[in-house]
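Asker: sequence and computational prediction follow.
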Amino acid sequence: MIIRREYRGCFKGAIDGESFEKALKAASARAREEIDGGKLVELCLYRHESMCFLYVETVETAESEAHALRNQPPEELRPENLLKDLTPFLVSRPEVTDGSPWSYMYPVYYQQRDIKDLDEWLKERNPSKTRVGRIAFLFPDTLPDYVRWHRALTEEGLLKGDKYQYISLHENVLFSYYEEPRNNVSILKSDEESKVIDGWLKLDPGSRFDIEKTNGNHFLPIEPLIMEYLK
């Protein structure tokens, strides 16, 4: 089964320099080894100011996606091990008790679930596609609404969006991963229109976002640092 997870980290102060570039190359090479070994499918790392965001797809044996997400990935596929070369550049996360600098982000919306067929999953993916990472900030009082409606959309399974889209939350920060050109599908692979989306749109979704932090955008595309994926 292919399991997708997203994580958030934070860099220490000014990090640009030769040592950081070497660390990125080493981390990328380690990810490539795991991909070649068949344990990892995709790893993409992005940066916005002092924050960084990780999207990762792993191959795991699990009863279901929900069962896997209740547990840590295998030791070698945990972000603190996959990206251990970057640890010296990252601050400790106070809410993480195992010493990892990476905070798990809670999934709130996606277009695919219980992905069991690797060939089917990779069918529309190729190296020419652009892997996009975006962030958004929610006003704290609107966060429950956003989560409730997007979980409802996911459970309904009718809203069409990019096959690879995945949105997760940590504190009031959303991180969204998707690929362009988009391959729009619904979870149920149905042509039936979503009814849940009508309720969400009536609530003025734009008012939920703190756009002063994202240059007037609801979701702001951010800088890629590492792109390693099964070709």
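Answerer: Okay, I see it.

Asker: so which residues of this structure form strands?
Answerer: Ranges of strands in the chain, per DSSP state E, are 2-10, 40-48, 51-59, 103-110, 130-137, 161-162, 166-170, 173-180, 184-185, 220-221, 223-229.

Asker: using a markdown table, lay out those together with mean neighbour count and distance to residue 17.
Answerer: For every residue, glycine as well, the C-beta is placed using N, CA and C. Formatted as a markdown table, the strands of the chain follow (neighbours: other C-beta atoms under 10 Å; distance: least, C-beta to C-beta, whole Å):
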| stretch | mean neighbour count | distance to residue 17 |
| --- | --- | --- |
| strand 2-10 | 22 | 18 |
| strand 40-48 | 22 | 14 |
| strand 51-59 | 23 | 16 |
| strand 103-110 | 19 | 25 |
| strand 130-137 | 20 | 22 |
| strand 161-162 | 20 | 35 |
| strand 166-170 | 21 | 27 |
| strand 173-180 | 22 | 25 |
| strand 184-185 | 14 | 41 |
| strand 220-221 | 16 | 24 |
| strand 223-229 | 17 | 14 |
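
Asker: quick one: closest of these to residue 29.
Answerer: Comparing the strands of the chain against residue 29 with C-beta to C-beta, the closest turns out to be strand 223-229 (8.8 Å).

Asker: that closest one to strand 40-48, inter-axis angle?
Answerer: If you take axes from the mean of the first three to the mean of the last three C-alpha atoms, to 10 degrees, strand 223-229 sits at 180 degrees to strand 40-48.

Asker: so where's this protein uncertain?
Answerer: Where the chain drops to pLDDT under 70, the residues are 94-97.

Asker: the longest helix in this protein is where?
Answerer: helix 18-36 (DSSP state H).

Asker: alpha carbons of it, in PDB - could you do that?
Answerer: This file holds the C-alpha atoms of helix 18-36, laid out as PDB (Å, rounded to 0.1, in the frame of the first residue of the first chain):
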ATOM      1  CA  GLU A  18      27.800  25.600   0.900                       C
ATOM      2  CA  SER A  19      27.300  23.300   3.900                       C
ATOM      3  CA  PHE A  20      23.500  23.500   3.400                       C
ATOM      4  CA  GLU A  21      23.800  22.700  -0.300                       C
ATOM      5  CA  LYS A  22      25.900  19.600   0.600                       C
ATOM      6  CA  ALA A  23      23.300  18.500   3.100                       C
ATOM      7  CA  LEU A  24      20.500  18.800   0.600                       C
ATOM      8  CA  LYS A  25      22.500  16.700  -1.900                       C
ATOM      9  CA  ALA A  26      23.200  14.100   0.700                       C
ATOM     10  CA  ALA A  27      19.600  13.900   1.700                       C
ATOM     11  CA  SER A  28      18.500  13.700  -1.900                       C
ATOM     12  CA  ALA A  29      20.900  10.800  -2.500                       C
ATOM     13  CA  ARG A  30      19.600   9.000   0.600                       C
ATOM     14  CA  ALA A  31      16.000   9.400  -0.700                       C
ATOM     15  CA  ARG A  32      17.100   8.100  -4.100                       C
ATOM     16  CA  GLU A  33      18.600   5.000  -2.500                       C
ATOM     17  CA  GLU A  34      15.200   4.200  -0.800                       C
ATOM     18  CA  ILE A  35      13.400   4.800  -4.000                       C
ATOM     19  CA  ASP A  36      15.700   2.500  -5.900                       C
END
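
Asker: and that helix with strand 51-59, angle?
Answerer: 20 degrees.

Asker: and helix 18-36, how far out from the chain's middle?
Answerer: Centre-to-centre, helix 18-36 and its host chain are 19 Å apart (C-alpha atoms, centre = their mean, to the nearest Å).
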